[in-house]
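1. I would like to see how this sequence folds:
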Amino acid sequence: MTLHLVRHAAAGDRSRWDGDDLERPLDERGRLQAESLADFFADTLIRAVWSSMATRCSQTVAPLAARHERSLKLRRELTEGARPNDLLELMRTEALIEGDLVMCSHGDLIPEVLNQLLREGMSVIGGRGCEKGSVWTLEVRGRDIVSGTYTATP
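-> Numbers count the residues shown, from 1 in each chain. Okay, here's the model as predicted:
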């Protein structure tokens, strides 16, 4: 069982968006990153694809969900400003279910979750980061997340 934590792709400058930030869409670069993510996961058996409530997150993983013929489920626990402990508990519960899960979230929440996992003993294979469109692949044993591998924008 593997959990894949994706940071949403490029969505332009927050300060230049006039509407509700949850509705801010991907920009051209972000749409290309979303297609690259779908390619990155092409040979992975995905059981589910989840997204933050933000449009930019759902647009990031929509091509992946479509390619794997999975519906996209919106989760508040993945949304910007959510509590890291709520997401961690959800991840631990989902870790007990067979098959890979892709979750798209934000640059505030992902580092907080990863820092908590590091404090709990998770090892990191290779480099670290949290750039837009990047992926953390988290290996689990039971409810424990034991290692993480970072892939910058695929």
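
2. From here on, just use CA atoms for contacts and neighbour counts.
-> Fine.

3. Name the residues of stretch 109-116 that are buried.
-> Leu109, Ile110, Val113, Leu114 (16 or more other Cα atoms under 10 Å).

4. Ok, stretch 134-147 next?
-> Of the residues in stretch 134-147, those with enough neighbours to count as buried (16+ other Cα under 10 Å) are Ser134, Val135, Trp136, Thr137, Leu138, Glu139, Val140, Asp144, Ile145, Val146, Ser147.

5. Let's see which of the residues you listed end up in strands.
-> Val135, Trp136, Thr137, Leu138, Glu139, Val140, Asp144, Ile145, Val146, Ser147 (DSSP state E).

6. who's the third one bridged to?
-> Put plainly, it is Thr137. Beta-bridge pairing of Thr137 under DSSP bridges involves His4, Thr149.

7. ok, it touching Arg7?
-> No - here Thr137 does not reach Arg7: they are 11.6 Å apart, not a contact under Cα atoms under 8 Å.

8. Would you check which pair of the buried residues of stretch 134-147 lies furthest apart?
-> Ser134 and Asp144 (22.3 Å; Cα to Cα).

9. quick check, Thr153 in a helix?
-> No - note on Thr153: no helix contains this position according to DSSP: H, G, I helix; E, B strand; the rest coil, which reports coil.

10. correct me, but it touches Gly133?
-> Yes - counting by Cα under 8 Å, Gly133 is a contact partner of Thr153 at 4.9 Å.

11. list residues touching both of the two?
-> Overlap of the contact sets of Thr153 and Gly133 (by Cα atoms under 8 Å, 6 or more residues apart in numbering) consists of Gln33, Leu37.

12. who's more crowded, those two?
-> Between Thr153 and Gly133, counted using other Cα atoms under 10 Å, the more crowded position is Gly133 (26 against 18).

13. ok, now which ones touch the more buried one?
-> The neighbours of Gly133, taking Cα under 8 Å, 6+ apart as the test, are 6-10, 30, 33-34, 37, 60, 152-154.

14. Next up, the contacts around the nearest residue in space to it that is not next to it in sequence.
-> Closest residue in space to Gly133, ignoring its immediate chain neighbours: Ala9 at 4.1 Å, by Cα to Cα, 6 or more residues apart in numbering. Contact partners of Ala9, counting by Cα under 8 Å, 6+ apart, are Leu26, Arg29, Gly30, Arg31, Gln33, Ala34, Arg56, Cys57, Thr60, Lys132, Gly133, Ser134.
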